[in-house]
Structure formats: C-alpha cells, structure tokens
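Q: coordinates only, sequence not included:
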Ligand SMILES: Cc1ncc(COP(=O)(O)O)c(C=O)c1O
C-alpha cells in the first residue's frame, strides 16, 4: 500500500495557517480524501511525484497548464534566460510586443492581444470590452459554466452580493431555443455572449456543441450587435493552435486564453478582432505582474515547440488511444460509462450511478498504482504523454475497473 503520510501531515499544518488548508479546486477533499495525495514534490514530462515519493502518470496536467511536459527544457531555458535579463519591472520588455505579434500571427481572429496572469483576469476584462464596445450592460452565459473567480460569474456566492451578478443572464448549454428566447427578451441590453468551446464544467459529463449552436450564437450576436466572447482558458491550444472554435469554423470577436499558453508559467491573454480594438483600449486593464517578461518568453517557447512538433495532433492521438483502451475495458468489466469531451480533454463517468462512488473507487485504485485521474473533473492529455505512458495507464485502469466490478458489481 502507498503511504500518503507526509501529504496529510502537511495538510494538517496547512489547515492551521491557511484558511481551508488548500482552498479551491486543488483541495484534496475534492479528490479521494485519505487515499490521494495532497502535496507534490516534483514533476517531469508527464510524471509527477508526491511528497511521500509516490510517482504518477499525470492526467490533470496542473488542471490544464502543462501541455508539452513539466519542466520542459526549451520552455524553462527561455524563461531562465529572460529572468537573468529582466522579469517584473517598471516597463515591459520587447517580449511583450513579440508575444502579441506571435498571437496575432497564430490566431486567425486576432488583430491584437493583451496580457494578464489568470484566466479570471481576461474573462472579466473581455466582458468589460463588450460593454465598452456596445454601451450595454448584460452578459449572457451558460448556466453552471466556469469562467473564473470574478464576482460577476462565480456560482460559489459566499461574500458576493446579488448586485454583482445582476448583469448576467443565463441559459442552458446547447438549448438553441432557450438562447434565442433570452436574446429576444433582452436584446437591447445585451453587451456580449460568453461561451466555452464545449461544455466542460466539473461534476458533469462534457458536451460538444450541438449542430447549429455556435453558428446561432455567432449570427445572433451579429444581428443584435453584441460581442461573441470565447472562454478558451481551459481548452485553448489543446484542440487547435488558432483557438478552439477554428475546429468548428466559427469566428468569435474575443478569445480568452491562459492555462496552456505558458506551459505552466503564469500568463493569460485576451485576443480580439480589429473592430474590438478601440473598446479594448478603453477598458482599464492592469496588474503589477501583467507585463512580466519571463512567462512571455516561456509562452513563445511553448508555442514554437507546439507548432514544431504538431503537439495538438499528438494529444488527439494519445487521447484516442486512451479512450479506445478505457472503453474496451469498460465493456469487458460490464461497466456502463460516459466518455465525453474531445480526445485531448476527456472525461469518464460511470453512467449507472447517482453519486460518484464508482468514480472515486476507480481513481483510488489508480492513485494506488501510479496514475493520477480526477473523479469529478475533466482530465487533460499532454503532448508529453507517450504511447508507453498510455499502455502503462491501461494496465492500471484494467485493475481499477476490476476493483469497481468486484466491489460494486
Ligand atoms: C473555462 C475556464 N475559464 C476561466 C477559468 C479561470 O482561470 P484561472 O483559474 O486561471 O483564473 C478557468 C479555470 O479553470 C476555466 O477552466
């Protein structure tokens, strides 16, 4: 049996001096508390090691930021080289302009880019740009969708006033009729519509856009003069290098990126079309670390490496191998599962249960045998995952399915 002793000792220490111990999505209470690690010691490629020395093939990738491997030599060398010159300072460095130029060259809808640190920075900013552009207040979003910790959108409302969320209207994902009705009733007030490229909130099967859904959103925004914002924070650079909606041939006005952009270095970006640029310059956007140069150097090295190696295709291929293997095993052990999401950002749930007991048992066995999945949140494939990793993973998942079958039928 693996020991997680040091992890839980550290969690006890953390709980004394940090509210919630590890607050938010990285809390061990959201894994299989007691049977999963709480703290990481190091990470390399597609593997991570916890503080008790247990090794895992990692399918969470830091909840998305790691896209070409932890501690990637080219990315780390670029960040280090930049740090020795300057990182955070009074003024930005040339990297700031270079990265904006790089994104404008890479992303078809982008005529400009602006940088922040977190996904929440840029999703909140994009809404302000939409308001500045239209002179209207309301933002339309999907019920349950996660766009970060901005007060305007967060569904955990402790400490948040109803007024802070009063400018948001919600509809159900893929409900074209409901969307059209909501727009009809409010069209003179709507500044923008914000969507993720596919439905991927935690505790839920993922869902791809229904036929005509994205096209309807695009056409409706054009009809009423509203701004179409894509929150590509989670999916960006895993489905397509030019923004995930390129996969569906639909062009938004603004796209928010973060997570994978710097392969783990803290950076986010909002990019937009020429018609949004004046509004974008009016919406005040700044932060002490927004112009830091080392994450920008890391981002450029990440994008270069991804393009040179066709990283997105690798993730689709590895994701397909994992999916085929897991679905075969589910069949063999007579487990009905839902396997959803695009191949690089998959999620598997057990179809026959109300709660999450099978998912937790499955993950518990995987942690024990050295594979890190999440019971309630979508997983991430990286281009650092090798075929050998997937083969080893499938040996582990075979045992995990077997345990689920044995203990739960
Ligand atoms: C789709 C989406 N938007 C926004 C965010 C917020 O990003 P951050 O946690 O970097 O603020 C996340 C984070 O998970 C996300 O998945």
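A: Cool, the structure landed. Every value quoted in this text rests on a predicted model; they were computed, and no experiment measured them.
Q: I'd like the average pLDDT over stretch 237-248.
A: Stretch 237-248 shows a mean pLDDT of 98.
Q: where does the nearest residue to residue 87 once chain neighbours are set aside sit: helix, strand or coil?
A: Computed as CB to CB, 6 or more residues apart in numbering, the closest residue to residue 87 that is not its neighbour in sequence is residue 294, at 4.4 Å. For glycine as for every other residue, the C-beta is placed from the backbone atoms N, C-alpha and C. With DSSP: H, G, I helix; E, B strand; the rest coil as the basis, residue 294 sits in helix.
Q: could you do residue 129 as well?
A: Counting by three-state DSSP, the backbone at residue 129 sits in helix.
Q: how close does it sit to residue 192?
A: Distance, residue 129 to residue 192, by CB to CB, to the nearest Å: 8 Å.
Q: repeat that for residue 384.
A: Separation of residue 384 from residue 192 (CB to CB): 36 Å.
Q: residue 129 and residue 192: which is more packed in?
A: Neighbour totals were compared for residue 129 and residue 192, and residue 129 leads with 28 against 25 (other CB atoms under 10 Å).
Q: shouldn't the more buried one be in contact with residue 273?
A: No. Applying CB atoms under 8 Å as the test, residue 129 and residue 273 come out as separate, 11.0 Å apart.
Q: list residues touching both of those two?
A: Shared contacts of residue 129 and residue 273, defined by CB atoms under 8 Å, 6 or more residues apart in numbering, are found at residue 254.
Q: would you map the strands across the stretch 301-409 of the chain?
A: Remark: strands assigned in the stretch 301-409 of the chain by DSSP state E, counting those that start in this stretch are 337-340, 347-350, 371-372.
Q: and if you look at the stretch 1-150 of the chain?
A: 40-44, 47-50, 55-58, 112-116, 138-142.
Q: for the ligand, what are the nearby residues on the stretch 51-200 of the chain?
A: 63, 118-120, 123, 146-148, 196 (CB under 6 Å from any ligand atom).
Q: repeat that with 5 Å
A: Taking CB under 5 Å from any ligand atom, the part of the stretch 51-200 of the chain that reaches the ligand is made up of 118-120, 147-148, 196.
Q: wait, which of the residues you listed is closest to the ligand?
A: residue 119 (2.3 Å; CB to the nearest ligand atom).
Q: the residue nearest to the closest one when sequence neighbours are not counted: what's it in contact with?
A: Closest residue in space to residue 119, ignoring its immediate chain neighbours: residue 233 at 3.5 Å, by CB to CB, 6+ apart. Shown in contact with residue 233 (CB under 8 Å, 6+ apart): 64, 119, 122-123, 147-148, 256-259, 268.
Q: between these, which sits nearest the ligand?
A: Nearest member of the contacts of residue 233 to the ligand, counting by CB to the nearest ligand atom, is residue 119, at 2.3 Å.
Q: and the closest one, what does it touch?
A: By CB under 8 Å, 6+ apart, the contact list for residue 119 reads 147-148, 231, 233-234, 256, 258-259, 268.
Q: please repeat the previous calculation with a cut-off of 6 Å.
A: By CB atoms under 6 Å, 6 or more residues apart in numbering, residue 119 lies in contact with 148, 233, 258, 268.
Q: for the one residue sitting closest to the centre of the chain, give its distance to residue 197.
A: Residue closest to the mean C-alpha point of the chain, counted by CA atoms, centre = their mean, is residue 234 at 1.9 Å. To residue 197, residue 234 is 9 Å away according to CB to CB.
Q: repeat that for residue 208.
A: Distance from residue 208 to residue 197, counting by CB to CB: 9 Å.
Q: how about residue 109?
A: Here the criterion is CB to CB. By it, residue 109 lies 13 Å from residue 197.
Q: the more surrounded of these two?
A: Between residue 109 and residue 197, counting by other CB under 10 Å, residue 197 is the more crowded of the two (28 against 22).
Q: which residues touch that one?
A: The neighbours of residue 197, taking CB under 6 Å, 6+ apart as the test, are 235, 244-245.
Q: now which of those residues would you call buried?
A: The neighbour count (16 or more other CB atoms under 10 Å) marks 235, 244-245 as buried among the contacts of residue 197.
Q: from these, pick the one nearest the ligand.
A: For the buried ones among the contacts of residue 197, with the ligand as the reference and CB to the nearest ligand atom as the criterion, the closest is residue 235, at 7.4 Å.
Q: next, the closest one: secondary structure please.
A: Residue 235 ends up coil, using three-state DSSP.
Q: my guess is it contacts residue 244, does it?
A: Yes. Judged on CB atoms under 6 Å, residue 235 makes contact with residue 244 at a distance of 4.6 Å.
Q: burial of residue 156, as a residue count?
A: Neighbours of residue 156 under the rule other CB under 10 Å: 8.
Q: ditto for residue 68
A: Residues near residue 68, counting by other CB under 10 Å, number 26.
Q: how about it: what's its closest non-neighbour residue?
A: residue 383 (4.9 Å).
Q: also residue 357?
A: Closest to residue 357 by CB to CB, 6+ apart is residue 408, at 6.9 Å.
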